[in-house]
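**Student:** A structural model of the following input is requested.
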Amino acid sequence: MSRSAPLVPVPLRAPLALLLAGALALTACDGGVHGTPGGPGLRDPYFPRAGNGGYDVTHYDLDLAYDPDRDRLSGTATLTARATQDLTAFDLDLDGLDVQKISVGGDPARWNRTGQELTVRPHDDLDEGRVFRVTVAYAGTPRTITDPDGSQEGWLPTDDGAVALGEPTGSMAWFPGNHHPSDKASYDLTITVPEGLQAVSNGELTASRTGGGRTTSHWHSAEPMASYLATLAIGDYDVHTSTLADGLPVYLAVDPAEAAASRKVLGLLPSVMTWAQGTFGPYPFSSTGAIVDREGDAEYALETQNRPFFPGAPDTETLVHELAHQWYGDSVTPRTWRDMWLNEGFATYAEWLWAEDHGGDSAQETFDELYAHGEDDYDDLWSFPPGKPSSAAHLSDSPVYQRGAMVLHKIRQRLGDTAFLALLRDWPTTHRHGNADTEDFTSYVEDLAPDEDFGPIWDEWLYGEGKPDQP
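**Tutor:** All right, here's what the predicted structure looks like:
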């Protein structure tokens with residue numbers, strides 16, 4: 001590991017050390033030293049080292065360059081943050097890459113590294129409430145991270161470039177930050193790549209210029225975004241821009257190898273968006289779209305903010321699922337990874353509703369089929385409750401998705417269709433661009449119908465072990 005300056009001073013001769021120790025003690029008594037280091041993790045139930053304590057990031061400004069031939073990423077990340085306590089030091093999450101220099105408020109800062117923890121010690125302590133900027137210059141070959149469930153995320157090299165995917169912790173492979181879903185921020189991303197390639201990110205493309213054999217693009221995301229939803233796709237794409245009937249910009253980037261196979265389903269995007277806004281309420285972001293890369297470039301689709309990522313041409317159900325996440329997961333983001341079912345249960349139930357509204361099975365028929373044959377089609381459906389996944393390796397298993405959707409259907413049965421459809425709109429409106437956990441949701445549902453008893457749903461379907469009995 002490298003570091004710009006040692007945090008531990010060279011040992012002093014004893015008399016001088018004693019004098020300095022006494023001076024520091026007097027300073028502390030006078031109130032000159034009052035801060036403490038921020039915590040190196042937020043104690044998430046499944047990823048305890050993810051995120052950091054002591055500050056809140058409000059904006060990321062990333063200035064990056066990527067050379068696919070050498071798989072080399074270089075960049076400068078400037079974070080604007082607010083101290084939530086008196087700080088003598090704070091941590092950033094960064095897995096891999098070589099740090100070259102760090103400054104806080106324009107002054108050089110000392111730093112060291114232990115694993116994914118990049119500890120920064122500013123020249124001066126930061127008072128609680130102070131807004132500050134930390135700038136990190138770094139470079140190297142970004143890492144591909146293997147998740148507890150065996151899937152890969154972080155920085156994924158492809159035949160013509162790379163794609164960055166971040167759920168749950170992969171974003172720390174390509175930029176330093178406070179990488180936990182509870183800390184959302186706005187983003188500006190400037191990326192330079194070889195001429196002939198496109199670089200697609202979240203938000204809106206505000207500028208692009210080509211010269212000297214390189215193309216530089218600037219993407220701006222004004223609405224708050226959890227870092228796991230940030231993406232950067234670099235490659236040869238067919239790019240199409242348009243607007244929906246309501247004026248919302250649409251940006252599609254499709255690998256030419258997937259263009260023909262994607263055309264029909266992507267052509268449904270306007271109608272899916274119209275249906276979703278009618279079902280879930282006003283769209284929470286400033287643009288929409290999709291990124292379709294080659295099949296095999298990643299192992300899964302992901303609800304990256306503004307424009308979901310698909311490895312190969314998506315089917316209709318997957319398009320509906322990932323667009324529904326823009327409300328449930330992207331705008332209303334889980335407070336911890338234990339609350340993952342609030343993302344995936346809603347997005348899965350959106351598939352059921354789409355089918356119900358477009359000539360397919362009703363949600364009740366889908367529920368009944370799952371309940372009757374869950375052990376056959378989803379052999380782990382009853383292996384743990386959606387509100388308490390058994391471990392980080394099982395956050396993407398079917399109890400979080402299908403059984404999470406079944407919880408919502410039980411709520412629909414109890415509330416009735418009119419009140420439930422109102423819930424689908426009011427929940428993402430109430431927590432727009434914020435964070436929420438399972439307790440927030442259950443309290444919200446109970447407040448909707450204070451005379452109803454939701455206890456059996458929570459006890460048996462949300463938190464209960466094994467297959468619940470059907471009433």
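**Student:** Count the residues that sit near residue 246.
**Tutor:** Using other Cβ atoms under 10 Å, residue 246 has 11 neighbouring residues. Yep, even glycine has a C-beta here, placed from its N, CA and C like the rest.
**Student:** That one in helix, strand or coil?
**Tutor:** coil (DSSP: H, G, I helix; E, B strand; the rest coil).
**Student:** and it, what does it touch?
**Tutor:** Contact partners of residue 246, counting by Cβ atoms under 8 Å, 6 or more residues apart in numbering, are absent.
**Student:** Distance check, it against residue 354.
**Tutor:** 20 Å (Cβ to Cβ, to the nearest Å).
**Student:** do the same with residue 275
**Tutor:** Between residue 275 and residue 354 the computed distance is 7 Å (Cβ to Cβ).
**Student:** any idea how far the residue lying closest to residue 249 once chain neighbours are set aside is from residue 199?
**Tutor:** Nearest in space to residue 249, with sequence neighbours left out and distances taken as Cβ to Cβ, 6 or more residues apart in numbering, is residue 287 at 4.2 Å. For residue 287, the distance to residue 199 equals 16 Å [Cβ to Cβ].
**Student:** Ok, residue 342 next?
**Tutor:** Applying Cβ to Cβ to residue 342 and residue 199 gives a distance of 32 Å.
**Student:** try residue 149
**Tutor:** In this view, residue 149 and residue 199 are 29 Å apart by Cβ to Cβ.
**Student:** out of these two, which sits in the busier spot?
**Tutor:** Neighbour count, other Cβ under 10 Å: between residue 149 and residue 199, residue 199 has more, with 26 against 13.
**Student:** Surely the more buried one is in contact with residue 237?
**Tutor:** No - here residue 199 lies out of contact with residue 237, judged by Cβ atoms under 8 Å, at a distance of 9.3 Å.
**Student:** next one: phi and psi at residue 73?
**Tutor:** phi -110, psi 130 (degrees, to the nearest 10).
**Student:** residue contacts, it?
**Tutor:** 64, 65, 66, 97, 139, 140, 141, 142, 155, 174.
**Student:** what does residue 149 give?
**Tutor:** By Cβ under 8 Å, 6+ apart, the contact list for residue 149 reads 392, 393, 394, 395, 396.
**Student:** so is it in a helix, a strand, or just coil?
**Tutor:** Put simply, residue 149 is coil when judged by three-state DSSP.
**Student:** Start and end of stretch 198-217, how far apart?
**Tutor:** One end of stretch 198-217 to the other measures 8 Å (Cα to Cα, to the nearest Å).
**Student:** err, stretch 420-439, not the other one
**Tutor:** Using Cα to Cα, one end of stretch 420-439 lies 18 Å from the other.
**Student:** same thing with stretch 154-169?
**Tutor:** Note: stretch 154-169 ends 8 Å apart using Cα to Cα.
**Student:** for this protein, what are the low-confidence residue spans?
**Tutor:** Residues of the chain meeting the criterion pLDDT under 70: 1-33, 375, 471.
**Student:** residues contacting the residue nearest to residue 249?
**Tutor:** Contacts of residue 287 (Cβ under 8 Å, 6+ apart): 203, 204, 248, 249, 250, 251, 306, 307.
**Student:** And the residues you listed, which is closest to residue 380?
**Tutor:** Residue 380 lies nearest to residue 307 out of the contacts of residue 287, by Cβ to Cβ, at 30.9 Å.
**Student:** next one: phi and psi at that closest one?
**Tutor:** In terms of degrees, to the nearest 10, the main-chain angles of residue 307 are phi -140, psi 110.
**Student:** ok, it to residue 197 distance?
**Tutor:** Here residue 307 is placed at a distance of 18 Å from residue 197 (Cβ to Cβ).
**Student:** now stretch 351-358: how far from the chain's centre is it?
**Tutor:** Distance of stretch 351-358 from the chain centroid (Cα atoms, centre = their mean, to the nearest Å) equals 26 Å.
**Student:** ok, the residue nearest the centre of the chain - contacts?
**Tutor:** What sits nearest the mean C-alpha location of the chain, by Cα atoms, centre = their mean, is residue 228, with 2.4 Å. Residues in contact with residue 228, defined by Cβ under 8 Å, 6+ apart, are 166, 167, 168, 169, 170, 171, 179, 181.
**Student:** Not counting its neighbours along the chain, what's nearest the last one?
**Tutor:** Think residue 181. Here the residue nearest residue 181, using Cβ to Cβ, 6+ apart, is residue 226, at 4.4 Å.
**Student:** who's in contact with that neighbour?
**Tutor:** If you count contacts by Cβ under 8 Å, 6+ apart, residue 226 has them with 180, 181, 183, 184, 330, 333.
**Student:** and the second one, how far is that from residue 86?
**Tutor:** Right, residue 181. Counting by Cβ to Cβ, the separation of residue 181 from residue 86 is 26 Å.
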